[in-house]
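J.: sequence? don't have it. structure:
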């Protein structure tokens, strides 16, 4: 999933392995100078999302990606309108409850506001194939829009499926990372990224992300390499629709000495 720069009440997910989710870090300690627009002493806290956080998680998806990315607009129609926001939240809650490989993270500001979120998927090699992420349901206004969303979803995941097979199902995938526009470039994205890179190093596996162009510098600073920068090609019937750009990035684990 595009990544831009979101403890359960009744948990159905496995406990998160090291590194620990809950922990405090000040931006002055954890943020590269190039990511901060101005010096700040704000303290961010990295926590695991609860079910109650998912409406805000999806709101962050909507406000961070806005209408700059055709994939998000197709997958979550009218996500900035009340009806679309409600539908997107419902779908995200369903995913939250169903995705057993996911670690849902949030960054909380000093005043208790959730300002950023991420979804890392930790694949441990037990699954024979990448779990099916096919778009389903009746969330679209007509069959044409649903078919378009299905096409983007299928083509979007080609690199991820290939990498999953190459890694024999052992890797980390950053599916969502978004920061409230008012809090971007202050260190929240770094904390969410580094949770996953530390996990990947501990497990000795690659980490992958389908990044937006604006997020490439952040991931590069954290060890990701840009393997492919391309635009999803559309069939003739949709040739006039906006094209989705994807920056496919991979990070190899840092070997411990």
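T.: Nice, I can see it. Keep in mind it's a predicted model, so treat the numbers as computed, not measured.
J.: Now do the strands in the stretch 101-250 of the chain.
T.: 102-108, 114-124, 170-179, 206-211, 225-231, 245-251 (DSSP state E, counting those that start in this stretch).
J.: Dump those to CSV, plus mean neighbour count and mean pLDDT.
T.: For every residue, glycine as well, the C-beta is placed using N, CA and C. Below are the strands of the stretch 101-250 of the chain laid out as CSV (neighbours: other Cβ atoms under 10 Å; pLDDT from 0 to 100):
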stretch, mean neighbour count, mean pLDDT
strand 102-108, 23, 97
strand 114-124, 22, 97
strand 170-179, 25, 97
strand 206-211, 24, 97
strand 225-231, 12, 95
strand 245-251, 21, 96
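J.: now those strands as CSV including distance to residue 239?
T.: CSV is the format used below for the strands of the stretch 101-250 of the chain (distance: least, Cβ to Cβ, whole Å):
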stretch, distance to residue 239
strand 102-108, 35
strand 114-124, 32
strand 170-179, 28
strand 206-211, 22
strand 225-231, 12
strand 245-251, 16
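J.: wait, which of these is closest to residue 163?
T.: Smallest distance to residue 163 across the strands of the stretch 101-250 of the chain (Cβ to Cβ): 5.5 Å, for strand 206-211.
J.: Not counting that closest one itself, show me its contacts.
T.: Residues from elsewhere that reach strand 206-211, judged by Cβ atoms under 8 Å, 6 or more residues apart in numbering: 1-3, 156, 159-160, 163, 167, 171-174, 177, 196-197, 200, 219, 224, 246-253.
J.: same check, this time on stretch 126-145
T.: Contacts for stretch 126-145 (Cβ under 8 Å, 6+ apart): 74-77, 87, 91, 99, 101, 123, 146, 149-150, 153-154, 157, 160-161, 164-165, 169.
J.: To what extent is residue 75 buried, counted in neighbours?
T.: 23 (other Cβ atoms under 10 Å).
J.: okay but it is in contact with residue 153, surely?
T.: Yes - using Cβ atoms under 8 Å, residue 75 makes contact with residue 153 at a distance of 6.7 Å.
J.: For the residue nearest the centre of the chain, give its distance to residue 95.
T.: For the chain, the residue nearest the mean C-alpha position is residue 176 (1.0 Å; Cα atoms, centre = their mean). Separation of residue 176 from residue 95 (Cβ to Cβ, to the nearest Å): 10 Å.
J.: same question, residue 59
T.: From residue 59 to residue 95 the distance is 15 Å (Cβ to Cβ).
J.: Residue 235 now?
T.: From residue 235 over to residue 95 (counting by Cβ to Cβ), the distance is 27 Å.
J.: Tell me how far residue 94 lies from residue 146.
T.: Noted for residue 94: a distance of 17 Å to residue 146, by Cβ to Cβ.
J.: That should have said residue 227, apologies.
T.: Distance from residue 227 to residue 146, by Cβ to Cβ: 31 Å.
J.: Same question for residue 131.
T.: 21 Å.
J.: If you count surrounding residues, which of these two has more?
T.: residue 146 (18 against 14).
J.: Per-residue pLDDT of the closest residue to that one other than its chain neighbours, please?
T.: Excluding its sequence neighbours, the residue lying closest to residue 146 (Cβ to Cβ, 6 or more residues apart in numbering) is residue 140, at 4.1 Å. Here the pLDDT value assigned to residue 140 is 85.
J.: now do the one 10 residues further on
T.: Reported pLDDT at residue 150 in the predicted model: 88.
J.: Helices of the protein, residue ranges please.
T.: Assigned by DSSP state H, the chain shows helices spanning 27-30, 54-65, 70-75, 82-98, 143-156, 158-166, 188-203, 216-221.
J.: which strands and helices sit next to the third one?
T.: The elements that helix 70-75 packs onto, with contact taken as 3 or more Cβ pairs under 8 Å, 6 or more residues apart in numbering; DSSP states H and E, are helix 143-156.
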